[in-house]
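> Pasting the sequence and the predicted coordinates here, then a few questions.
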Amino acid sequence: MDYTALIREAIEFIHSRYDENLLVSDISEQVYLSPSYFAYLFRTLTGYSIKNYLNRYRLYRAAAALKETDKRIIEIAFENGFSSQQAFTKSFSLHYGTSPAQFRRTDMVVALFPPSNILQKRGMEMDLKNVFENVQFVKKESFLVVGIETDINYNGVGKGTDYISDLYQRWNAEKLIENIPDQVNDSLTYGMTHESNEDDTAKYIVAVEVSTLAHLPAGLVGRRFEACEYAVFECTLEDETSGRFFQYFFSTWLKEQGLCQPDSVNTALGNTFSRYPTFEVYDKNFVDSSSKIKIFIPVTRIA
């Protein structure tokens, strides 16, 4: 079910009837949800309770009327759903820090409400919450990969991390995955960061997992990685490349779970990376940044 679309529909209904005595049940009926679940969903996706949102929208419309019309304050109060001028003045003063009459005389700008990204922002937060709630822990034994590799630099020296996109372009253009023997995970491509160093450099390899390095094709690189426990997440590539995923992972999730990264290094830029590989897994259905990928991140329990 597209909950974001339902809440958007509910918001449109509120905006069309905000001057009336709306109840939660009046709004929830419009989107065929129970009042209690609708109230929970609305707060999750907007950050506002229904009562607070309705009041905030009424104040916004009233503030716009104060700036754009010559209507009397009592008239604006009633037109925007307030029961009296006194109730309106109290609520307005608490929110804007000045009375309606004083507000009208100032050059204060009326900030748009709701902001255009209110559902997009909260919706992404909800999606990310689901990502971390559905984590799996996997003990992966030592494994082998074959692919193409480059050096990357997080401090922007040279091409920084731009070489990574060059790797993927070559990987796809030359269809290298079709020419690597002894594959163990058919059609799965790994994008792996490893050998992270204190100077914010590392290596990145685009590869497939293989059972042996005995038949390594010319021009390709073979790597062996030791056994490790991984936290495995499923999200979109956009979640990862936007930085939102790793920001939450490092700032919040690791600490909440009592975890850290094994064999980690602290870099000059203040980053913490494990020398074990962190990698994305792309299956044959991958199309673009909106597609789902899996992210394997090495973890260990804090002693």
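Received, thanks.

> Let me know the average pLDDT across the host helix or strand of F137.
Element membership of F137 [criterion: DSSP states H and E] is strand 136-140. What strand 136-140 shows for mean pLDDT is 96.

> Tell me which residues are up against the very next helix or strand once past it.
As assigned by DSSP H and E, the chain's next helix or strand after strand 136-140 is strand 143-153. Defining contact as CB atoms under 8 Å, 6 or more residues apart in numbering, one finds that strand 143-153 is touched by 160-161, 163-164, 166-167, 170-171, 176, 180, 190, 192-193, 200-213, 216-217, 219-225. Yep, even glycine has a C-beta here, placed from its N, CA and C like the rest.

> In contact with the closest residue to N134 other than its chain neighbours, which residues?
Distances taken as CB to CB, 6 or more residues apart in numbering put E234 closest to N134, at 6.9 Å, once the chain neighbours are dropped. Residues counted as contacts of E234 (CB under 8 Å, 6+ apart) are V131, N134, K292, I293, K294, I295.

> returning to what we had before: just the ones of the contacts of strand 143-153 in helices?
Y163, I164, D166, L167, R170, W171 (DSSP state H).

> how close does G97 sit to R56?
15 Å (CB to CB, to the nearest Å).

> what are the ranges of the helices in the stretch 201-303 of the chain?
237-241, 244-248, 254-257 (DSSP state H, counting those that start in this stretch).

> what do you get for the stretch 1-150 of the chain?
Using DSSP H, counting those that start in this stretch, helices in the stretch 1-150 of the chain cover 3-17, 24-30, 35-46, 50-68, 73-79, 85-96, 100-105, 118-133.

> can you redo those as CSV with mean neighbour count, distance to E229 and mean pLDDT?
Output for those, formatted as CSV (neighbours: other CB atoms under 10 Å; distance: least, CB to CB, whole Å; pLDDT from 0 to 100):
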stretch, mean neighbour count, distance to E229, mean pLDDT
helix 3-17, 16, 34, 90
helix 24-30, 17, 44, 92
helix 35-46, 17, 32, 80
helix 50-68, 18, 43, 94
helix 73-79, 17, 61, 96
helix 85-96, 16, 50, 91
helix 100-105, 15, 58, 93
helix 118-133, 15, 17, 68
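
> E256: which of the ones you listed is closest?
helix 118-133 (9.0 Å; CB to CB).

> and the residue lying farthest from the centre of the chain, what is it in contact with?
Most distant from the centre of the chain: R72, at 45.0 Å, with distances by CA atoms, centre = their mean. By CB under 8 Å, 6+ apart, R72 lies in contact with nothing.

> quick one, phi/psi of it?
The phi and psi torsions at R72 (degrees, to the nearest 10) take the values phi -70, psi 150.

> Local confidence estimate at it?
R72 is given a pLDDT of 96.

> now V110
88.
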